[in-house]
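Q: Take this sequence and fold it.
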Amino acid sequence: MEIPEKDHPRRLPLLQPELWVGRSEECDIVLPFPQISRRHARLVREGEHYRIEDLKSANGLKVNQKSVERQLLQDGDELALGSFRLFYRNPSSPNHSPDSEQEYDFQNTISFPVSSGLFAQEALLRLAEKDAAATVQIIFKAAKSLLASKNLSHILSRVMDLVFDHLQAERGLLMLCSRTSREPVPYIVKHRESPLSPASDNARYSRTIVNQVIREGVATLSSNAMKDERFDFGASVVSQQIRSCMCVPLWDEEKVIGAIYLDSRSQENAFQEKDLELLSTIGVISAVAISQSQLREEMEKERNIREQLQRYHSPAVVNSILDSGLESFGLGEEKEISILVADLTGFTPLSEKQKPTEVANILNTFFTAMTEIIFQYEGTLDKYIGDAVMAVFGAPIDQEDHAARAVRAALEMCHTLREMNRIGIFPEPLHMRIGINSGKAIVGDIGSERRLEYTVLGSPVNVAFRLESGMARPGDILIGERTRNHIGDCFATEDLGLANLKGIRAPLRVFRVLQKHS
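A: Numbering: from 1, shown residues only. Take a look at the predicted model:
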């Protein structure tokens, strides 16, 4: 078995009838890389050959670039465990050539797995052995500069400045993976003789090389990319006449979040292995700084969104919205919902006796208590209208029992107001009437470009207002027939018969929810 290394393949004799291959120190062939599972594969002798078996590894097993679960190996077979390559040699095979190792040129190209922890340590050690003082200075400068920066665009710019300060590249790009498609998106492009600039959508670089680095999580150096068979003569490599190139992944824990790509179109062998090690180490530090910045931005964005949502939604609904993602939140859509409208009666005469500040205190106290109850039953506060409050149940989060939640909230609101009157919170007792109606309505952000509000539009809303203002008496909870059908016999109701409501064409059957007064 051969393992490709920098100057020549390292050979491991297969002497046992069974050998285990993996990351664990207990394996017979230890490959200490993150793409390798602890026990990745097993080699079992069958006659003059070995059979290899995949042990349900995370990144799979390929023989000659084809995924397999088990296969009998032949001389010259290429094995891929994750992104790590091995070559099987069998001198007893009739097809074996003593010079077969010359078929693989390991000196022209270098490619090895990278991880945020293991590789950083190894690369630093190798660099330190070659030039300890310079290495420490470069890495300290990179870490201090990048980790102290909080703005993402500033971090990306500093990364490319550091790279060009210490590596002789003609051109460089820094790209981050899209959160949705995972495709690399160029953010920064830099030319040796030109200022740093944002990368355009048509930024020219070798997509063949970058895609391989991101897909396999490997750091790659090629002294002549146009002759490098790993890149299969990619069109971008040929069209841009790329001679030398390096590309390293940006690792964030267990996933690649982007890549740093450098190339030279004027000379071959522009980069050496030590350059790849330095670029990879800078890449590790950069990935940490980028991830921290992205996390800060996401937390700040979520904090702002949460503050906005908490004005209208209960904490449970806010969490559900954030957990399910915000892509579709706020877009107008038709939903089956229940609308609750609660209005104080006789409040105008009371307010005329009070100072404006006292009127505001009364309303704030009333609205605070009612809103807490709406949130308790995971309703959405739509708006305050004078001394009335409107709430929606069943949006933005779907609730099969939206009508029952609305009725329970209404009962609790009436009970709470009676208690507040009993203990004398207000200068005079307040009285309230409530209308509830269910049906299909449009919910979403409605308004102008300058101001949008999450609200509800449709006939069910009008009916709820008419039930409350045109028919309910102080202390009443009136519901429409559709709400009554939703709640079934869960609540005691009284059929008030058909009613003609102002602005509603057809008569509507109305029910009163019966309350137990305490």
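Q: pretty sure residue 273 is in contact with residue 221, am I right?
A: Yes - using C-beta atoms under 8 Å, residue 273 is in contact with residue 221, at 6.9 Å. The way it works is simple: take the backbone N, C-alpha and C, and place the C-beta from them, glycine included.
Q: Looking at those two, which is more packed in?
A: residue 221 (26 against 14; other C-beta atoms under 10 Å).
Q: Go ahead and confirm that one touches residue 246.
A: Yes - if you go by C-beta under 8 Å, residue 221 and residue 246 touch, sitting 4.9 Å apart.
Q: what touches both of these two?
A: Listed as contacting both residue 221 and residue 246 by C-beta atoms under 8 Å, 6 or more residues apart in numbering are 271, 275-276.
Q: which intervals of the stretch 1-150 of the chain have sub-threshold pLDDT?
A: 1-11, 33-35, 83, 91-142, 144-145, 147-150 (pLDDT under 70).
Q: quick one, helices of it?
A: Using DSSP state H, counting those that start in this stretch, the helices of the stretch 1-150 of the chain run over residues 118-148.
Q: List phi and psi for residue 168.
A: When read as degrees, to the nearest 10, the backbone of residue 168 gives phi -90, psi 70.
Q: what about it, how many neighbours?
A: Residues lying near residue 168 (other C-beta under 10 Å) number 13.
Q: From residue 263, how far out is it?
A: 11 Å (C-beta to C-beta, to the nearest Å).
Q: Residue 476 now?
A: Look at residue 476 and residue 263: by C-beta to C-beta, they are 77 Å apart.
Q: between those two, who's got more neighbours?
A: Between residue 476 and residue 263, counted using other C-beta under 10 Å, residue 263 has the larger neighbour count: 25 against 20.
Q: Run a quick neighbour tally on the closest residue in space to that one that isn't next to it in sequence.
A: Nearest non-adjacent residue to residue 263, counting by C-beta to C-beta, 6 or more residues apart in numbering: residue 245, 4.0 Å away. Neighbourhood size, residue 245 [other C-beta under 10 Å]: 28.
Q: Likewise for residue 352?
A: 8.
Q: same deal with the one 4 residues further on?
A: Other residues near residue 356 number 8, with proximity taken as other C-beta under 10 Å.
Q: And for residue 364?
A: Residue 364 has 10 neighbours, counted by other C-beta under 10 Å.
Q: which strands and helices sit next to the helix or strand encompassing it?
A: Here residue 364 sits within helix 356-376, counting by DSSP states H and E. Contact analysis of helix 356-376 by 3 or more C-beta pairs under 8 Å, 6 or more residues apart in numbering; DSSP states H and E lists strand 333-345, helix 347-352, strand 380-385, strand 388-393, helix 402-422 as its packing neighbours.
Q: need the helix or strand of this protein with the lowest average pLDDT.
A: strand 109-113 (a mean of 48; mean pLDDT, DSSP states H and E).
Q: Please name the bridge partners of residue 20.
A: residue 42 (DSSP bridges).
Q: need the contact list for it.
A: By C-beta under 8 Å, 6+ apart, residue 20 lies in contact with 26-29, 39, 41-43.
Q: Relative to residue 18, how far out is residue 185?
A: Between residue 185 and residue 18 the computed distance is 46 Å (C-beta to C-beta).
Q: ugh, wrong one, residue 484
A: Residue 484 is 73 Å from residue 18, by C-beta to C-beta.
Q: Next one, pLDDT for residue 436 please.
A: pLDDT, residue 436: 96.
Q: That one: which element?
A: For residue 436, the host element (DSSP H and E) is strand 431-447.
Q: And that strand, what does it pack against?
A: Applying 3+ C-beta pairs under 8 Å, 6+ apart, we find strand 431-447 packed against strand 333-345, helix 402-422, strand 452-457, helix 459-470, strand 477-480, helix 481-487.
Q: out of the ones you listed, which comes closest to residue 151?
A: Taking C-beta to C-beta, strand 452-457 is the member of the helices and strands packed on strand 431-447 nearest to residue 151, at 28.1 Å.
Q: average pLDDT across that closest one?
A: Mean pLDDT, computed over strand 452-457, is 75.
Q: Can I get the helix or strand hosting the residue nearest to residue 263 in PDB, CA atoms only?
A: If you go by DSSP H and E, residue 245 is part of strand 244-252. Only the C-alpha atoms of strand 244-252 are listed here, as PDB (Å, rounded to 0.1, in the frame of the first residue of the first chain):
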ATOM      1  CA  SER A 244       0.900  28.300 -10.800                       C
ATOM      2  CA  CYS A 245      -1.900  28.400  -8.300                       C
ATOM      3  CA  MET A 246      -2.700  27.700  -4.600                       C
ATOM      4  CA  CYS A 247      -6.000  27.400  -2.900                       C
ATOM      5  CA  VAL A 248      -6.900  26.600   0.700                       C
ATOM      6  CA  PRO A 249     -10.200  26.000   2.400                       C
ATOM      7  CA  LEU A 250     -11.500  28.100   5.200                       C
ATOM      8  CA  TRP A 251     -12.600  25.700   7.900                       C
ATOM      9  CA  ASP A 252     -15.300  26.500  10.500                       C
END
